[in-house]
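Colleague: With the input below, show me the fold.
(one chain, ligands or ions: 1)
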Amino acid sequence: MPITYDESKKIWVLETNDTAYSFGIHQSGKIKHCYWGKKISRFDDYPDLKSYRENPWWDWNDEIPVRGGANQTEPCLQVVYADGVRDVTLNYQDYHIQDNLLSIHFTDEYYRLSLTSFYKVHESYDLMERSIQLENHSDLPITIVNFKSASFYLPASDVYTLTHLTGMWAHETRLTKEPITEGKKILESRVGRTSHFHNPFFAVDEKATEDHGNVWFGQLAWSGNWKIALNKKPYEQIQISLGLNEWDFEYSLQPSASLTSPVVLSGFSSNGFGEMSSRLHRFQIEQILPKSNAHQLRKVLYNSWEATAFNVNEENQKALADKAAEIGVEIFVVDDGWFGERSSDRSGLGDWHVNAQKFPRGLKPLIDYCKTKGMDFGLWIEPEMVNPDSQLYSQHPEWVLHFPNRPRTTGRNQLMLNLAREDVKAFVLDTVDHLLSENDIRFIKWDMNRPVFEAGWPEEANQQKMWFDYIENLYTIWDTLKTKHHDVIFESCAGGGGRVDIGMMRYADQFWTSDNTDPYDRQFIQEGFSLCYNPKVMMCWVTDWGGKNSYPMTYRFHAAMMGSMGIGADLAGYSKEDLQTAKELINQYKQIRNTVQNGRLYRLMSPSQTSFSINQYLSPDSTESVLICLKNPMPLSMFQVLRIKLKGLEEKSLYHISQTDQIFSGSFLMNHGLDLDFRQELDVKAKDANHFKSQLLIIKKK
Ligand code: GLA
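Modeller: Numbering: from 1, shown residues only. All right, here's what the predicted structure looks like:
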């Protein structure tokens, strides 16, 4: 049983194979945190709260802290009752255990508001999901102004480091580390999407490395405004709260209505960041990704955006499709520009009919053409948006987020439809459903290119619920579409990687990681991404960013092989030899992709810390390892041979290195290490070939 209530100690203990989380009932009646970390081998040793001294004027460590009483921590709940009272007093009622789900019930002492805190324990993944549900049993609305999903605590200490992912457009998910000092550290999104600036993920470690040390971590399943607060005060346990962002938020909970918070996925690793990532990656594939495609291999796609931009037509797309098919591409995707009066980003968004000048016979001839070439067909859409210069906007100016008496400020020349409105929700759902029902489309890239501002909804009394309802409606739309069109692969894109999170991952099969596809820059973005998202969902394209000849061709491809590979280069500019090389490298990727996409990732060398970026992927059956090694410019130009220790092999088994035809024991490869010789000229054509080099090794168990 993963969940136990110990009556004598009045504590709940939630155990996974390797970890434990515990809280209990204090003599004051309050529910307080007890323990989070490695599973304790003797159950009787789990601590209780008998010696915990509570001050009436200083309340800390509450499992569900609220605005009320003497609480000093970041609250999970702030409400305003109908009579103006803003103080919540939560009384514990009872608990319920059903298999791996624990529910703890509370009610307000006076007002008829109930709160249930859920804990879902995933024993074999060493992970736990938490969320909170509120129910209004009174006859009057209750206004919720702050609603978080969970609060965690770690023992007071000065040695913690916070790891999180920061960035901006074209530089998303950059690994950031900093000591946790006294005060508060806020990570958040206020832009109506997950955001490029921060990702809803945290890891706190005690001097941990990839393989050693304690790491506590969590990620939020939410694609709108969110907030993570780390709160440190002298001698107190460090608090970490996660959930919806209270900024500009107000939700009127009507009588008999309920509201459930986004889920937080959390865990603990005593073996460093590598184990943390591996647990999250496995859980995402097996439990979060849409079931229809979770275990399928991601196909190699070609996207014509960088080749033809808005200037798409049947002819030039067919010409690119010829080249794409020739090099082994499996899905051909037409990006922006195929619809409405869309000749630039100034017009057409919202008018989702095929542009008759560009495709006089509709999309069918191109789709059929791709099919005869053995490729699926895919399409770009951005259905949450509208250009002021469009038919849709002239028909429904009231559909966009806006305030009266204020400008409607555009971003990338577009306004945002208010998806919280039921009519807009129906329009978006019908539009995409229609597109997928009428055409043989097997892939959708769903974009969202601007943040929210001027977030007004003049017709609605409770305007600020928009922040919540927008995202819930987005999820419902994706869920409906995924259920009806389960053979269509959906990619979530938001001006690059602006909407990457595990909330979206329940419906999206993959993510557009970043618009930046420069193979050097990408290593940093991909390293951060891989910390908490599976390589399978990380789309990596080979393009001409950074200059086609600035990097060796193999280097560009190898950088893109670190996740699910696509091609975005302008193939019209590729010589016969280039196309042949591309074909060979795509073929090589197809041989290794099961291991990359479904295997276990070991980050052997970090581009942020060294001049190398080296990943090892171990296949699900542990018989094959793929080693992708990128060497970047380094000051020690004399140094060219690197010894690298592999991981996860069997000591006594023998392994064959395909590229060098050598055989070594697992013991040798893991303890002595493999020498990677970077002296060979891999691509002499590229002017910087001496600086940027790469190798790919396939290591098979004999
Ligand atoms: C965004 C995406 C790009 C491309 C363009 C099209 O910027 O991130 O990949 O689809 O929109 O307008």
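
Colleague: residues in contact with stretch 74-87?
Modeller: For stretch 74-87, the surrounding residues in contact (C-beta atoms under 8 Å, 6 or more residues apart in numbering) are 64-69, 88, 90, 111, 113, 115, 132, 134, 138, 140-151, 184, 229, 231, 239, 241, 243, 246. Backbone N, C-alpha and C define where each C-beta goes, glycine included.

Colleague: buried sites along that stretch?
Modeller: Neighbour-count burial for stretch 74-87, counted by 16 or more other C-beta atoms under 10 Å, picks out 74-81, 87.

Colleague: And it, end to end?
Modeller: Across its full length, stretch 74-87 reaches 14 Å end to end, with C-alpha to C-alpha, to the nearest Å as the criterion.

Colleague: so for that stretch, what's the average pLDDT?
Modeller: Summarised as a single mean, pLDDT over stretch 74-87 is 98.

Colleague: ok now that stretch, how far from the chain's centre?
Modeller: On the basis of C-alpha atoms, centre = their mean, to the nearest Å, stretch 74-87 sits 32 Å off its chain's mean C-alpha point.

Colleague: what's the answer for stretch 206-226, then?
Modeller: Its chain's average C-alpha position is 13 Å from that of stretch 206-226, according to C-alpha atoms, centre = their mean.

Colleague: just stretch 89-98 next, same as before
Modeller: Counting by C-alpha atoms, centre = their mean, stretch 89-98 is centred 32 Å from the centre of its parent chain.

Colleague: What residues does the stretch 401-550 of the chain have near the ligand?
Modeller: Within the stretch 401-550 of the chain, the residues that sit near the ligand (C-beta under 6 Å from any ligand atom) are 447, 449, 493, 495-496, 512, 515.

Colleague: I'd like to know how far Pro633 sits from Gly528.
Modeller: For Pro633, the distance to Gly528 equals 21 Å [C-beta to C-beta, to the nearest Å].

Colleague: between these two, who's got more neighbours?
Modeller: Comparing Pro633 with Gly528 by other C-beta atoms under 10 Å, the one with more neighbours is Gly528, at 26 against 12.

Colleague: Could you tell me the phi and psi values at the closest residue to the more buried one other than its chain neighbours?
Modeller: With sequence-adjacent residues excluded and distances taken as C-beta to C-beta, 6 or more residues apart in numbering, Gly528 is closest to Thr173, at 3.6 Å. Main-chain dihedrals, Thr173, degrees, to the nearest 10: phi 40, psi 50.

Colleague: What pLDDT is listed against Thr173?
Modeller: At Thr173, the model reports a pLDDT of 98.

Colleague: Quick check: longest helix in this protein by residues?
Modeller: When the chain is parsed with DSSP state H, its longest helix is helix 576-598.

Colleague: Now do the buried residues in that one.
Modeller: 578, 581-582, 585-586, 588-589, 592-598.

Colleague: ok, now stretch 181-195?
Modeller: For stretch 181-195, the neighbour count (16+ other C-beta under 10 Å) marks 185, 187-195 as buried.

Colleague: Now, the residues you listed that are in strands?
Modeller: Of the buried residues of stretch 181-195, the ones assigned to strands by DSSP state E are 185, 187-189.

Colleague: leaving aside the residues next to it on the chain, what's closest to Gln659?
Modeller: The shortest distance from Gln659 to any non-neighbouring residue, by C-beta to C-beta, 6+ apart, is to Leu697 (5.2 Å).

Colleague: So which bits of the host helix or strand of that neighbour are buried?
Modeller: Per DSSP states H and E: Leu697 is located in strand 693-701. When burial is assessed from 16+ other C-beta under 10 Å, strand 693-701 yields the following buried residues: 693-699, 701.

Colleague: what's next to that strand, contact-wise?
Modeller: Residues outside strand 693-701 that contact it (C-beta under 8 Å, 6+ apart) are 552, 554-555, 558-559, 561, 588, 591-592, 622-631, 646, 649-650, 653-660, 669, 674, 676, 678, 682.

Colleague: same thing with stretch 163-174?
Modeller: 175-177, 187, 196-199, 201-205, 228, 273, 495-498, 500, 513-516, 521, 524-526, 528-529, 531-532.

Colleague: quick one: buried residues of it?
Modeller: Quick answer for stretch 163-174 (16+ other C-beta under 10 Å): 163-167, 169-174.

Colleague: Against Phe249, how distant is Ile144?
Modeller: Ile144 is 8 Å from Phe249, by C-beta to C-beta.

Colleague: These two: who's more crowded?
Modeller: Between Ile144 and Phe249, counted using other C-beta under 10 Å, Ile144 has the larger neighbour count: 23 against 20.

Colleague: Let's see the pLDDT reported for the more buried one.
Modeller: You'll see Ile144 listed with a pLDDT of 98.

Colleague: what's the answer for Lys685, then?
Modeller: We have a pLDDT of 47 for Lys685.

Colleague: Please shift the residue numbers so they start at 763 in all later answers.
Modeller: Right, with 763 as the first residue, what we last looked at is Lys1447.

Colleague: on that earlier part again, farthest-apart pair in the buried residues of stretch 943-957, please.
Modeller: Spanning the widest gap among those are Lys947 and Gly954, at 22.6 Å by C-beta to C-beta.

Colleague: buried stuff in stretch 1157-1175?
Modeller: By neighbour count on 16+ other C-beta under 10 Å, the buried set for stretch 1157-1175 is 1158, 1161-1164, 1170, 1175.

Colleague: I misspoke; the intended subject was stretch 890-900.
Modeller: For stretch 890-900, a neighbour-count test (16+ other C-beta under 10 Å) marks 890-894, 896-898, 900 as buried.

Colleague: okay, Lys1463: pLDDT?
Modeller: Looking at Lys1463, its pLDDT stands at 98.
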